[in-house]
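Visitor: need coordinates for the below:
(2 chains)
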Amino acid sequence: MRPDPASPAQWTAVLLIGAAAILLLYNTLPVALAYPRAGTTALALFSLFAVPFWIMRRRLADWLTLPVGALALGLAWGATVSVMTSLFGSRALHGLLATVWGPAWAERWAPVLAAPVVEEVVKAAGVVLVIAIAWGRVHGVLDGIVLGAFCGVGFQIVEGYAFAMSSTVLNRAGDVVEPVIAVFIVRGVLAGLWSHAIFTAIVGAGVAYAATRRTRRSVWVAAGSLAAVIVLHAVWNSPLLRDGLGLGALAVLAGVMVKGLPAVLIVWWLVRWAKREESPVMRSLETA
Amino acid sequence: MSLAVATAVAAVVLIFALGVPLLNKAVSPTVDVGGDTFALEGVTVTAPDEVRMRPGYYQPQSGRAEFLVGDAEVDIAVAGPYDFDAEYLADEMARLLEVQPGVQLTEPRDCDADGVEGAGRSFVTETGAGFACAFVHEEIRAEVTAAGASLDSDTVDRIDALIAQLSFGAA
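Guide: Take a look at the predicted model:
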């Protein structure tokens, strides 16, 4: 994947990622400077999100043709454009919902109705843009799954970092790491696996399916994958089962599993399906 | 194809990053909340006359409310339990303020809410001025941050009147 000054898709990626990165730094740097110990810990811990997906990429390497640069671009899109656009868009949709249905209703339901739409659509747009930039280098659905996972994990790292720092600031107890670790346990360990990376992997599968099959039906499959992850994300954000029906910590954990596991199972099934349906890259080269 | 995709993707981003926020500003005008009472995690505040608010800026579950007093934005955040005193809380608020681009802390200021004495810090920004007040009462903390382009004495008096309406333990 080489830089091409004549490519509108590459220019769009560079300009939007650049602008969003500046906004992201403007928003996060002051807090990181005020709480350096907490900031460093949060960055180190939440960067670990990338490790399982890097391992996933290595394990699926025989089926992948997308260059590492494309995955890095997807990660950068997720970490910058998706995060900042979601910040502005979700906040504004929250305001619109509050105007129509009142502030208490909006506070409860904006995370269910607004955030999933904005976040999933913008991450999907990033996957589409990267596939357009790397057009012809997409071998199959697994390329899309891995690209989507990288885009989602970029979002997840920055979002987790932001939540941890926000918790540190709200704690108002100095530059301490306890709030960061608490957020990491909740968002990283309990809720980390079935979050943005998994959602965007599903969309990535749909987009890659459309990009490689190029039929009208495949475009509907891609659109359907986006609609599905918006629903999965909305269910995940919903207050449903959040209190474990009042039955204690194990019930809360069971609620997390019930809400999160379907997305993981879908990706697991998609990977198995793609490995069965699509030939490995080396085999197809040998055949050719 | 590259141009079509680039245009569509840029349009999606611009719709959410600019279009929806502009629509929100257009259809969600500020409303006069003078006389209304807001409950924030163990603290209530009754807005004096001519205090305004944008829809969505009262978040009772998060203990936050943002009011508009003249041109100034007044953000109130309540949380608990809190084990430190008001002076420590004011220092923590100052820690974050002084690393904001263009913000310079000036002198301490007096803050008072419903008989609860707080600790305050004033600051100037590149485009205006502001102040922060910290209160701690029975392990409940309330933070007030006011900032505006022109914090004249009349506006400051009105903000102080809003702060004076904070009532601890009443919610």
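
Visitor: wait, B:Gln61 sits on A:Arg108?
Guide: Yes: at 7.3 Å, B:Gln61 counts as touching A:Arg108 under the criterion of CB atoms under 8 Å. Every residue, glycine included, has its C-beta placed from N, CA and C.

Visitor: helix or strand: which one has the residue nearest the centre of chain B?
Guide: The centre of chain B sits closest to B:Asp75, judged by CA atoms, centre = their mean, with a distance of 0.9 Å. If you go by DSSP states H and E, B:Asp75 is part of strand B:72-79.

Visitor: tell me if the very next helix or strand once past that strand is near chain A.
Guide: Going down the chain from strand B:72-79, the next helix or strand is helix B:86-97, by DSSP H and E. Yes: Helix B:86-97 reaches chain A (CB under 8 Å from any CB of the partner chain) through B:89, B:92-93, B:95-96.

Visitor: between helix B:86-97 and strand B:72-79, how big is the angle?
Guide: Taking axes from the mean of the first three to the mean of the last three CA atoms, to 10 degrees, one finds that helix B:86-97 is oriented at 120 degrees with respect to strand B:72-79.

Visitor: what angle do the very next helix or strand once past helix B:86-97 and helix B:86-97 make?
Guide: Per DSSP H and E, the first helix or strand lying C-terminal to helix B:86-97 is strand B:104-113. Orientation check (the same axes, to 10 degrees): strand B:104-113 against helix B:86-97 gives 140 degrees.

Visitor: what strands line up against strand B:104-113, and which way round?
Guide: strand B:116-124 (antiparallel) (DSSP bridges).

Visitor: what does the partner strand contact?
Guide: Residues from elsewhere that reach strand B:116-124 (CB atoms under 8 Å, 6 or more residues apart in numbering or on different chains): B:86-87, B:89-90, B:93-94, B:97-98, B:103-112, B:129-137, B:142, B:166, B:168.

Visitor: could you list the buried residues of it?
Guide: Neighbour counts over strand B:116-124 (16 or more other CB atoms under 10 Å in any protein chain shown) mark B:116, B:118-123 as buried.

Visitor: now, which of these sits nearest chain A?
Guide: B:Ala119 (12.5 Å; CB to the nearest CB).

Visitor: before we move on, the earlier item: quick one: the residue nearest to the centre of chain B and chain A, what's the gap?
Guide: 13 Å (CB to the nearest CB, to the nearest Å).

Visitor: return the residues in contact with that residue.
Guide: Going by CB under 8 Å, 6+ apart, B:Asp75 touches B:64-66, B:143-146.

Visitor: any stretches of the chain with poor pLDDT?
Guide: No chain specified, so I'll use chain A. For chain A, the stretches with pLDDT under 70 are A:193-194, A:282-288.

Visitor: please refer instead to chain B.
Guide: In chain B (pLDDT under 70), the answer is B:170-171.

Visitor: for the helix or strand that contains A:Arg108, buried residues please.
Guide: Using DSSP H and E, A:Arg108 maps to helix A:103-113. For helix A:103-113, the neighbour count (16+ other CB under 10 Å) marks A:103, A:106-107, A:109-113 as buried.

Visitor: which elements pack onto the following helix or strand past it?
Guide: Beyond helix A:103-113 on the C-terminal side, the first helix or strand identified by DSSP H and E is helix A:115-133. Contacts defined by 3 or more CB pairs under 8 Å, 6 or more residues apart in numbering or on different chains; DSSP states H and E place helix A:115-133 against helix A:8-34, helix A:68-77, helix A:83-101, helix A:141-171, helix A:196-213, helix A:216-237, helix B:2-14.

Visitor: in a markdown table, list the buried residues of strand B:116-124 along with distance to A:Leu240.
Guide: Output for the buried residues of strand B:116-124, formatted as a markdown table (distance: CB to CB, whole Å):
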| residue | distance to A:Leu240 |
| --- | --- |
| B:Val116 | 39 |
| B:Gly118 | 40 |
| B:Ala119 | 42 |
| B:Gly120 | 43 |
| B:Arg121 | 43 |
| B:Ser122 | 46 |
| B:Phe123 | 43 |
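
Visitor: let me see the contact set for residue 27.
Guide: No chain specified, so I'll use chain A. A:84, A:87.

Visitor: my bad, chain B
Guide: A:96, A:99.

Visitor: and the one 5 residues further on, by the same measure?
Guide: The neighbourhood of B:Asp32, defined by CB under 8 Å, 6+ apart, consists of B:50-52.

Visitor: farthest-separated two in the buried residues of helix A:103-113?
Guide: Greatest spatial distance among the buried residues of helix A:103-113 (CB to CB): A:Pro103 and A:Val112, at 15.6 Å.

Visitor: assumed A:Trp46 was part of a helix.
Guide: For the record, residue A:46 is Phe, not Trp. Yes: under DSSP: H, G, I helix; E, B strand; the rest coil, A:Phe46 sits within a helix.

Visitor: many thanks, we can stop here.
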